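A.B. asks: this one's sequence-less:
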Ligand SMILES: Nc1nc2c(ncn2[C@@H]2O[C@H](COP(=O)(O)OP(=O)(O)O)[C@@H](O)[C@H]2O)c(=O)[nH]1
Ligand SMILES: [Mg+2]
């Protein structure tokens, strides 16, 4: 750690009630902020708990989302104060629908201000679905595409690799969307078995945090940031409730203008693509309908006397 050159930032005013009361931050510790993102049920909260080394975030298999709001936990690791923001589903259409006034998205901003050093895109090994793609799109829409320069794809259920290589798995997968996402994230991948305990868990978390540390140092320790983080950070000494309202309003306004337009454009493009794939069926249906009309016309047309 000796030669580490970092941009130092102040303590986050919104998350300063340290949830890990076992370990108070040491004055000289630098911060490493992480955000967990992904669709519901992939193991975001379980990943957060593995990173923290104890169970802080509620995590279980359930038919309805277990995580309803953003939460922050922290721990010491190799001289860093690692801060992890767990999120409910903020990134799919369903998640956005559950957060109509952007309060949860604003809370994510406040808890991770002045910005994350890494965004962990969590997915299950072997189960990268259309909903995972949607969540990755939602991440780009909320933070902007530039955030992928700070993203790591984290696969849960590492045990399913059965000792095999994650890099080989990612290279060989026939899931093109997953390969494209990994490429967009600069090839940064990591796998965790969140059921592991003790030394095995520590080794896996060590791998992930070392990857995040390298990423942070590549950017000289400066976190990812944007105008909304700028607003949240500028108001860090104001009343958090007021800042939350302001940030939510800024996000709602942004969603309604540029990004909303882009979302609709994206939807239109996907619709056109689906239509292009479905045109043989559409032609068949149209032909059938025309034939039916002709037959009907023949029956109602008066015949020759
Ligand atoms: N076997 C196994 N189960 C996991 C792993 N990670 C998460 N889970 C399980 O997946 C379920 C959903 O996890 P949760 O953390 O609540 O997902 P979230 O909705 O993304 O926060 C829980 O039953 C977890 O125990 C893993 O690495 N291996
Ligand atoms: Mg959760």
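C.D. replies: Received the coordinates, thanks. Small disclaimer: the values here were computed from a predicted structure and weren't measured. Ligands and ions are numbered 1, 2, ... in the order given.
A.B. asks: okay, CA-based contacts and neighbour counts for the rest of this
C.D. replies: Will do.
A.B. asks: element containing residue 170, please.
C.D. replies: Residue 170 belongs to helix 166-172 when assigned by DSSP states H and E.
A.B. asks: gap between the residue nearest in space to the middle of the chain and residue 43?
C.D. replies: Geometric centre of the chain, nearest residue: residue 37, 2.7 Å, by Cα atoms, centre = their mean. With distances taken as Cα to Cα, to the nearest Å, residue 37 is found 10 Å from residue 43.
A.B. asks: Can you show me the strands along the stretch 101-250 of the chain?
C.D. replies: Using DSSP state E, counting those that start in this stretch, the strands of the stretch 101-250 of the chain run over 118-124, 151-156, 189-191.
A.B. asks: okay if I get those as CSV plus mean neighbour count, distance to ligand 1 and mean pLDDT?
C.D. replies: As requested, these are exported to CSV (neighbours: other Cα atoms under 10 Å; distance: least, Cα to the nearest ligand atom, whole Å; pLDDT from 0 to 100):
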stretch, mean neighbour count, distance to ligand 1, mean pLDDT
strand 118-124, 26, 7, 98
strand 151-156, 25, 4, 98
strand 189-191, 22, 8, 98
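A.B. asks: Which of those sits closest to ligand 2?
C.D. replies: For the strands of the stretch 101-250 of the chain, the distance to ligand 2 is smallest for strand 118-124, at 10.8 Å, taking Cα to the ion.
A.B. asks: Just checking: what are the partner strands of the closest one?
C.D. replies: Note on strand 118-124: by DSSP bridges, its sheet partners are strand 30-37 (parallel), strand 151-156 (parallel).
A.B. asks: Format those as JSON lines; extra columns: distance to residue 145.
C.D. replies: Formatted as JSON lines, these follow (distance: least, Cα to Cα, whole Å):
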{"stretch": "strand 30-37", "distance to residue 145": "14"}
{"stretch": "strand 151-156", "distance to residue 145": "10"}
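A.B. asks: For residue 294, which of those is the nearest?
C.D. replies: Of all the strands paired with strand 118-124, it is strand 30-37 that lies closest to residue 294, at 55.6 Å by Cα to Cα.
A.B. asks: That closest one and ligand 2 in contact?
C.D. replies: No: using Cα under 5 Å from the ion, strand 30-37 stays clear of ligand 2, coming no nearer than 9.1 Å.
A.B. asks: All the helices of this structure, residue numbers only.
C.D. replies: 44-52, 93-97, 103-112, 130-143, 166-172, 176-184, 198-218, 227-234, 240-256, 258-277, 279-300 (DSSP state H).
A.B. asks: For residue 108, list the residues it contacts.
C.D. replies: Neighbouring residues of residue 108 by Cα atoms under 8 Å, 6 or more residues apart in numbering: 70, 85, 87.
A.B. asks: And the second one, how close does it get to ligand 2?
C.D. replies: In this structure, residue 85 lies at 11 Å from ligand 2, with Cα to the ion, to the nearest Å as the measure.
A.B. asks: Tell me how many other residues surround that residue.
C.D. replies: For residue 85, the neighbour count with other Cα atoms under 10 Å is 26.
A.B. asks: ok, residue 95 to ligand 1 distance?
C.D. replies: Between residue 95 and ligand 1 the computed distance is 12 Å (Cα to the nearest ligand atom, to the nearest Å).
A.B. asks: pLDDT wise, what is the closest residue in space to residue 235 that isn't next to it in sequence at?
C.D. replies: Residue nearest to residue 235 in three dimensions, not counting chain neighbours: residue 243, with 6.6 Å by Cα to Cα, 6 or more residues apart in numbering. Looking at residue 243, its pLDDT is 97.
A.B. asks: Okay then, goodbye and thanks.
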